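*Asks:* Sequence first, then the predicted structure, then my questions.
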Amino acid sequence: MHQARPPAWNTLERHVKKLKTLRIRDLFREDPKRFETFHVEAAGLLLDISKNLLTEKTLGLLIKLADERYLDDWIVKMFSGSRINITENRPVLHTALRNRTGAPVYVDGKDVMPAVTAVLAKMRSFTDTVRSGSWRGFTGEPITDIVTIGIGGSHLGPAMVTEALTPYARRDLRMHFVSNIDGTHIAETLRSLQPGRTLFIVASKTFTTLETMTNAATARAWFLEHGGTENTIARHFVALSTNTDAVRAFGIDPANMFEFWDWVGGRYSVWSAIGLPVALAIGFDRFEEFLAGAHAMDEHFKTTPFRHNMPVLLALVGILNINFFGYTSHAILPYDQYLRRLPAYLQQLEMESNGKQVQRDGNPVSYATAPIIWGEPGTDGQHAFYQLLHQGTLIVPADFIVPVKSHNPVGEHHRLLLSNFFAQTQALMNGKTLDEVTEELRRSGVAESIIEQLAPHRVFPGNRPSNSIMFEKLDPFTLGALLALYEHKVFVQGVIWNICSFDQWGVQLGKDLATKIYPDLIGPEPVAAYDSSTNGLIAYYKRLRES
Ligand code: G6Q
């Protein structure tokens, strides 16, 4: 239907040609109210997009582009359970998992909310039983260690959120996560554990994923070798899945299974039963605050005009930078140690959702889609890759994220952290011209001959865009809102690119490929079925394996 580039696309291209002659720092000089105009607050978050090269006219055109892609209609479609995941023929309803209104949400005429509420109630009762110590292992002792086995969408969310909410967690209930099929991951995790005090959570939507099934089987064997029995498996293994038959076949009683549904995408599943490790760590009331934060962002997204709509603005600025300035890399820079894994989480959310090359109807896109997402917490990154951000030839827009209050107000640490946060976005925008550098060196008494040689190296081009996201404190509500903000940003960009954001055939490819080569690795005979590189590498493997 809407295949061609919408008219606003061409208008924007012309407009951006003129924008490129401007400097962000001049826009601030000309308009003392620029911050006022280009920041929004919602669900406990502040987003400032003023340090991007844009004007009110730019935003107007970007909103026109969103209108021409019928964003309004798509939002309604997503929230109301239309099958917008067209290649898997599924609705996309992670928002129903955190729907706190009591209003029904229908899939094929059936309200899904009673099932959602029932699983939440089951999670609450399980969480309370384990946390209170009344859930006992086979030795009669309470659980002290919880190992969640899962990968991708069944890993990154719970692992990242559990770490981010450490200040709210029971410190005597240790949380471990095993994802990699590399035996090192499970071996190193099991090394220090007591089977009688360990609970395994096998988290897999399909319950067929090679990594998770292999790790789960290893965990079960370890359990049985260390005093556990078939009869006591039920005290030590629970499953989070949509696949009851496979859970039963693995040997986990479906009574110990926490269900979710095919309308929950893996990378959108931390709000579902997949969030059980989070609930176990921080308690169920806190987990509900996490859901409530996401719901607050959902409501804001659904009801706010685009000009003041936080996810829409974040998405539109991204579109401007990717499609009209050509910046195809994007850094996530949390100035909060607890958010250490946020870049990895968002890497999956954005790159798996929008790393697509065809439009919904299968025709190729003629524009860039998702950028490369990467990042590390500040200030560590400043001592490593920020050099490229400031002076490299690639321009990398960045999201700087910081809480106003620290959970660990030690001495002057937090004020110093914030000084770095403010200074970096300012420096990226302002830069330093040759004249300014020369003047600075002169003032500090450097000889003219040295200045001439040194000055070019000390020039900062500036005009490098960034978004700032601030909030009072990293609590469950705020984290919920922050993740929902990015989920909806990704959705909006997918609508503008006219792609299907909710499938992942590239991930599926990996799942299929690994099982294909595996049988060829077993025996000693040479393999000739592949290209000479693959055959040669397999031969090298077999030679050294036997030596
Ligand atoms: C997420 C992806 C992918 C998936 C994992 C694990 O959106 O689909 O990362 O989550 O491959 O899949 P299972 O949960 O089915 O084991």
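*Replies:* Now that the structure is in, tell me what you want to look at.

*Asks:* Quick check on the residue of the stretch 51-200 of the chain found nearest the ligand: phi, psi?
*Replies:* Minimum separation of the stretch 51-200 of the chain from the ligand (C-beta to the nearest ligand atom) falls at G152, amounting to 2.2 Å. Glycine gets a C-beta too; all of them are placed from N, C-alpha and C. Backbone torsions of G152, given as degrees, to the nearest 10, read phi 60, psi -130.

*Asks:* same thing with C500?
*Replies:* phi -90, psi 110.

*Asks:* Would you confirm that it contacts R360?
*Replies:* Yes - with contact defined as C-beta atoms under 8 Å, C500 reaches R360; the gap is 5.7 Å.

*Asks:* quick one: contacts of the helix or strand hosting V76?
*Replies:* Assigned by DSSP states H and E, V76 belongs to helix 71-79. Residues outside helix 71-79 that contact it (C-beta atoms under 8 Å, 6 or more residues apart in numbering) are 84, 92-93, 95, 105, 298, 301-302, 306, 312, 491-492, 495-496.

*Asks:* Return stretch 392-411 as CSV; C-alpha atoms alone will do.
*Replies:* C-alpha atoms of stretch 392-411 as CSV (Å, rounded to 0.1, in the frame of the first residue of the first chain):
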residue,chain,number,x,y,z
GLY,A,392,36.7,10.7,14.4
THR,A,393,35.5,10.9,10.9
LEU,A,394,32.3,9.0,11.7
ILE,A,395,29.5,10.9,13.4
VAL,A,396,27.8,8.9,16.1
PRO,A,397,24.6,10.3,17.6
ALA,A,398,24.4,9.2,21.2
ASP,A,399,21.8,8.9,24.0
PHE,A,400,23.2,10.0,27.3
ILE,A,401,21.2,8.6,30.3
VAL,A,402,21.6,9.6,33.9
PRO,A,403,19.7,9.6,37.3
VAL,A,404,19.6,12.7,39.4
LYS,A,405,20.1,10.8,42.6
SER,A,406,22.4,7.9,43.1
HIS,A,407,21.6,4.8,45.2
ASN,A,408,25.1,5.1,46.5
PRO,A,409,25.7,8.7,47.4
VAL,A,410,29.4,8.3,48.3
GLY,A,411,31.3,11.5,48.8
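
*Asks:* For that stretch, list every residue counted as buried.
*Replies:* Within stretch 392-411, the residues that count as buried by 16 or more other C-beta atoms under 10 Å are 395-403, 406-407.

*Asks:* separation between the closest residue in space to E68 that isn't next to it in sequence and A368?
*Replies:* Closest residue in space to E68, ignoring its immediate chain neighbours: P6 at 3.5 Å, by C-beta to C-beta, 6 or more residues apart in numbering. Separation of P6 from A368 (C-beta to C-beta, to the nearest Å): 16 Å.

*Asks:* These two - which one has more neighbours?
*Replies:* Neighbour tally, P6 and A368, criterion other C-beta atoms under 10 Å: the higher count belongs to P6, 19 against 13.

*Asks:* Contacts only, for the more buried one.
*Replies:* Applying C-beta under 8 Å, 6+ apart, the residues contacting P6 are 65, 68-69.

*Asks:* Make a PyMOL selection of whichever of those turn out to be buried.
*Replies:* To isolate the buried members of these in PyMOL, using 16+ other C-beta under 10 Å:
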select buried, resi 65+69
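
*Asks:* What confidence value was assigned to the nearest residue to the residue of the stretch 51-200 of the chain closest to the ligand once chain neighbours are set aside?
*Replies:* Nearest in space to G152, with sequence neighbours left out and distances taken as C-beta to C-beta, 6+ apart, is G266 at 5.7 Å. pLDDT for G266: 98.
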